[in-house]
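Trainee: give me the fold of what follows.
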Amino acid sequence: MQILIEAKGLKKTYILRKGIWGIHDRIRAIDGVDLYIKKGETLGLVGESGCGKSTLAKLLLRLEEPDEGIIIYDGINLTSLSDPELKFIRKRTQIIFQDPFDSLNPRKKILKILEEPLKIHNLYNDKKLRKEKIEEVLEKVGLSPEVLDKYPHEFSGGQRQRIAIARAIILDPEFIIADEPLSALDVSVQAQILKLFIELKEKMQLTYLFISHDIGIIEYIANRIAVMYLGKIVEFGPKREILTSPLHPYTKGLLASVLKLGSKSLSIPFLNEEPMNFKGISEGCAFYHRCPERIERCKNEVPFLKGTEKGRFVACLRVFT
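Mentor: Have a look, this model is predicted:
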């Protein structure tokens, strides 16, 4: 299967605080990420809140600029393109954000919200054809044309997310990043929206990067899984192998935490501890202070992603010891 998008050595650092003598603190939100997504697949990106998943999503689409590394999209180096040159790529790539309450302009009616991308890319300039396209997209997401004359605040969370999805697919993209698209929704609505994502993928032959802190959701929708911890990919590979025989201690903990919901006897103390932030990690493995399987080497050596078998990678010194 052809690789559609690939990240190599991505790094992103933010300045936390400036003082009288200049920069005091920095946080490396993305720390040397290597990742690829195959055309037509769903890659699930999972990890605790604050581990860098959303930052990675923005870097992949050049919504933010990486400090280091490159992004290759369908053979094109995105990091070398100017903003005008990126316009063609932006038509092919879209992002759906976490909160449908914040992602839609409250001052615009739904018709204007859905028209905007078409006008930006100079598509469907004929008013009649444009409206037909909008109504076609609404039908795909399970909404009627009556919504077009209303404002976002007149809809439920699930309906707003359907509108956000409609806006994302109206340009007929090939790659969509869904950044925690279910977490702001009621549990009863989550299954409906998840089913919609799957239906659209099949109908439109889409490729997804689906981001979630909920490994149960990732299990349902993904073909492959990437596990993220403090700005690093710590495990990466086919869904079945990762879910049935995880190699990284952090992945094991995430899976065990799902099981813990139905078992009082299962204890995962390290997931109850606060993770170190990047200011507290100067060398060694980022997971060292929480890891129940750490060895002495982990304190001083940085583990890098290495292949263990076809299509499977893990960043753990113990696995290769």
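
Trainee: how about the contacts made by the closest residue to Asp186 other than its chain neighbours?
Mentor: Nearest residue to Asp186 in three dimensions, chain neighbours excluded: Gly157, at 6.8 Å (CB to CB, 6 or more residues apart in numbering). (Each C-beta comes from the backbone N, C-alpha and C, glycine too.) Applying CB atoms under 8 Å, 6 or more residues apart in numbering, we find Gly157 in contact with 100-101, 184-186, 189.

Trainee: of the residues you listed, buried ones?
Mentor: 100, 184-185, 189 (16 or more other CB atoms under 10 Å).

Trainee: sorry, back to before: sort out for me which of the contacts of Gly157 are in strands.
Mentor: Among those, no member falls in strands (criterion: DSSP state E).

Trainee: of these, which is the nearest to Glu135?
Mentor: Checking the contacts of Gly157 against Glu135 with CB to CB, the nearest one is Pro100 at 20.4 Å.

Trainee: measure the closest one to Thr42 for me?
Mentor: With the distance defined as CB to CB, to the nearest Å, Pro100 ends up 20 Å from Thr42.

Trainee: kindly report the same for Ile215.
Mentor: As judged by CB to CB, Ile215 and Thr42 stand 14 Å apart.

Trainee: same check, this time on Val314
Mentor: As judged by CB to CB, Val314 and Thr42 stand 21 Å apart.

Trainee: same question for Glu48.
Mentor: Computed as CB to CB, the Glu48 to Thr42 distance reads 21 Å.

Trainee: between the two, who's got more neighbours?
Mentor: A count of neighbours by other CB atoms under 10 Å puts Thr42 above the other of Glu48 and Thr42, at 24 against 16.

Trainee: hmm, the more buried one is touching Tyr208, no?
Mentor: Yes: when contacts are counted by CB atoms under 8 Å, Thr42 is listed as touching Tyr208 (4.2 Å).

Trainee: which of the buried ones among the contacts of Gly157 sits closest to Asp149?
Mentor: Pro100 (18.8 Å).

Trainee: can you give me the end-to-end span of stretch 85-104?
Mentor: In stretch 85-104, first residue to last residue: 26 Å (CA to CA, to the nearest Å).

Trainee: next one: it to chain centre, how far?
Mentor: 12 Å (CA atoms, centre = their mean, to the nearest Å).

Trainee: what's the answer for stretch 128-138, then?
Mentor: On CA atoms, centre = their mean, the centre of stretch 128-138 falls 29 Å from the chain's centre.

Trainee: what does stretch 287-299 give?
Mentor: Here the centre of stretch 287-299 is set off from its chain's centre by 27 Å, with CA atoms, centre = their mean.

Trainee: in that stretch, what counts as buried?
Mentor: Using 16+ other CB under 10 Å as the test for burial, stretch 287-299 gives 287-291, 294, 298.

Trainee: ok, which pair from the residues you listed is furthest apart?
Mentor: Using CB to CB, the two most remote members of the buried residues of stretch 287-299 are Arg290 and Cys298, lying 11.1 Å apart.

Trainee: for this protein, what spans make up the strands?
Mentor: Residue ranges of the strands in the chain, as given by DSSP E, are 3-19, 22-38, 42-46, 68-73, 76-77, 93-96, 175-179, 207-212, 224-229, 232-238, 306-309, 312-314.

Trainee: burial count for Pro117?
Mentor: When neighbours are counted by other CB under 10 Å, Pro117 registers 18.

Trainee: quick check: it vs Ser103, distance?
Mentor: Distance of Pro117 to Ser103, given as CB to CB: 13 Å.

Trainee: please apply the same query to Ile15.
Mentor: With distances taken as CB to CB, Ile15 is found 26 Å from Ser103.

Trainee: can you pull up the bridge partners for the residue nearest to Leu16 when sequence neighbours are not counted?
Mentor: Leaving aside its chain neighbours, Leu16 sits nearest to Asp25 (4.0 Å; criterion: CB to CB, 6+ apart). With DSSP bridges applied, Asp25 shows beta-bridge pairing to Arg17.

Trainee: ok, the residue nearest to Thr93 when sequence neighbours are not counted - contacts?
Mentor: In space, and not counting its chain neighbours, Thr93 is closest to Phe175: 4.7 Å by CB to CB, 6+ apart. Neighbouring residues of Phe175 by CB under 8 Å, 6+ apart: 4-5, 37, 73, 92-94, 206-209.
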